[in-house]
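Student: Return a 3D structure for these sequence lines:
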Amino acid sequence: MELQAVGRFLDSLTEGPAACVFEGDAGIGKTALWRKGVACARAAGLRVLSCTPAEVEAALSYASLADLMAGVEPHVGAGLAPPQRDALEIALLRTGRNDAVAGRWTVFRRGV
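Tutor: Below you'll find the predicted structure:
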C-alpha cells in the first residue's frame, strides 16, 4: 500500500518539483520504502537529489548540500540569480575566490 502511494507520488511529478516525506516510528520500514522509491524514480528517468548525512557531519555547514549536488553538472546553476549562483559555487568549493562568503541565507533564498 505504501509503495503504491510512492508510485502515485512519482506519477504526479509531471506537474513540477515536489517532495515526499516518510515519517513514523523507528523500525517500521521507512528507509526500505525510501530506497525503493528512489530506485523507482531513477528507473523512470527522474533526477533524484538525496543525501544521508551522518551525525558527525552536523557541524559541517554545507556537507549535505555537497552530497545533494555531487551528481549535478555545474552548468545547471547557470539559471540561478547571480548572488545564489555565486554562493552555491563558493559553498561547493568550485571557485577560487577567497574574498567571498557563502552565507546560509544567500544559498537558501529563492528569487534573489
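
Student: My read is that Asp67 contacts Leu60, right?
Tutor: No: Asp67 sits out of contact with Leu60 when judged by CB atoms under 8 Å, with a separation of 10.4 Å. Just so you know, the C-beta spots here come from the backbone N, C-alpha and C atoms, and that holds for glycine as well.

Student: Between these two, point out the one with more neighbours.
Tutor: Per other CB atoms under 10 Å, whichever of Asp67 and Leu60 has more neighbours is Asp67, with 15 against 12.

Student: any idea what sits nearest the more buried one, other than its immediate chain neighbours?
Tutor: Cys51 (3.5 Å; CB to CB, 6 or more residues apart in numbering).

Student: how about Val72, secondary structure?
Tutor: Per DSSP: H, G, I helix; E, B strand; the rest coil, the local secondary structure of Val72 is coil.

Student: what sits against it?
Tutor: Val72 is in contact with 47, 49, counting by CB atoms under 8 Å, 6 or more residues apart in numbering.

Student: how near is it to Asp11?
Tutor: Distance, Val72 to Asp11, using CB to CB, to the nearest Å: 24 Å.

Student: same check, this time on Glu73
Tutor: 26 Å.

Student: and what of Gly24?
Tutor: 23 Å.
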